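Asker: turn this into a model:
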Amino acid sequence: MPIPRKRHVFYVSDGTGVTAEMLGESLLAQFPDLDYVVVRAPFVDSPQKAGELVSKIERVAQGSGFRPIVFSTLVKPEVLAVIQNGPGLVMDLFGAFIDPLEREFGMESTHTVGRFHGMRDTHSYHRRIEAINFALAHDDGITQDHTLVEADIILIGVSRSGKTPTSLYLAMTYAIKAANYPLIPEDLERMRLPEALRPHREKLFGLTIAPERLAQIRSERRPNSAYADLANCRREIELALELMRREGIPWLDTTTKSIEEIAAVVMLHLEKIRRYQDL
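Answerer: Okay, the predicted model is just below:
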């Protein structure tokens, strides 16, 4: 069978489709040479809607000559059955896990749409919103000494090293209150942490980045500036690393890492801190 230039991938869910897309993207990442077109189909919560989607899948299959790949987190068996009778290759992501769990627990699952969002989610939702507000209020050094006591983690590093997006991702995904604080040239020249950070040394985690990548990012913001000059970027990074080593602050090179990977490393660091504090 010839390999098509593009395959169509459907993410189908009775909810927002975030879980289907997250799991599907993780699986497709194992096929880096595959080129595909994404079709999102959230809120497919009835056989009628499923039938309408199957018609769309059929048109895509006929137009491309290849069956689409369908990643599904549909819960209702009657809705899933409609999709499974269509022409796509259906990957039932929930079924792959629910069936073995039912056998293991000796009980049937509720097969309830949106169950994930109805259990503990009210509390965790408010925690995430609170963490997001905290991250925004403590972005780029905008903070007061006493409010940093509330922080779970304080990310430090030179400007544009990935602190802000990581802080927000930690807040949205893990409800972590993450502040971020830039190491400015004055701090680096003095080779001393900003005074606001010194009482919170145990919460500090550094981010660094390759000078070439930093210069590229800064050039997009301020082209042809001393701020984006490669030599300046190299010097700032060298001094920041020297400061972090001197102060005993753990750090991570973000150059080739995604936000998800950076956040995962930060979470591992947080777990180590919490285990130590519990001893």
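
Asker: from what I see, residue 211 and residue 237 are in contact.
Answerer: Yes - with contact defined as C-beta atoms under 8 Å, residue 211 reaches residue 237; the gap is 5.5 Å. Heads up, the C-betas are built off the backbone N, CA and C, glycines and all.

Asker: quickly list what's touching both of these two.
Answerer: Common neighbours of residue 211 and residue 237 are not found (criterion: C-beta atoms under 8 Å, 6 or more residues apart in numbering).

Asker: report the secondary structure state of residue 50.
Answerer: Taking DSSP: H, G, I helix; E, B strand; the rest coil as the rule, one finds residue 50 in the helix state.

Asker: which residues touch it?
Answerer: By C-beta under 8 Å, 6+ apart, the contact set of residue 50 is 44, 74, 79, 80, 82, 83.

Asker: mind checking which of these are in strands?
Answerer: Among those, no member falls in strands (DSSP state E).

Asker: are there helices or strands packed against the helix or strand containing residue 169, and which ones?
Answerer: Residue 169 belongs to helix 163-174 when assigned by DSSP states H and E. Contact partners of helix 163-174 among helices and strands, from 3 or more C-beta pairs under 8 Å, 6 or more residues apart in numbering; DSSP states H and E: helix 121-137, strand 153-157, strand 178-182, helix 259-278.

Asker: from residue 21, how far out is residue 73?
Answerer: 9 Å (C-beta to C-beta, to the nearest Å).

Asker: more neighbours: the two, which one.
Answerer: When residue 73 and residue 21 are compared for neighbours, residue 73 comes out ahead with 26 against 19, by other C-beta atoms under 10 Å.

Asker: how far away is that one from residue 44?
Answerer: In this view, residue 73 and residue 44 are 10 Å apart by C-beta to C-beta.

Asker: ok, residue 200 next?
Answerer: Taken as C-beta to C-beta, the span from residue 200 to residue 44 is 47 Å.

Asker: and for residue 169?
Answerer: Distance check for residue 169 against residue 44: by C-beta to C-beta, it reads 28 Å.

Asker: next: residue 77.
Answerer: 14 Å.

Asker: quick one, which of these two is more surrounded?
Answerer: Shown here are residue 77 and residue 44; by other C-beta under 10 Å, residue 44 has more neighbours (26 against 10).

Asker: now residue 39: which helix or strand?
Answerer: For residue 39, the element it lies in under DSSP H and E is strand 36-41.

Asker: quick one: mean pLDDT for that strand?
Answerer: Across strand 36-41, the average pLDDT comes to 94.

Asker: please apply the same query to stretch 142-153.
Answerer: Rounded mean pLDDT across stretch 142-153 is 80.

Asker: span of that stretch from start to end?
Answerer: 15 Å (C-alpha to C-alpha, to the nearest Å).
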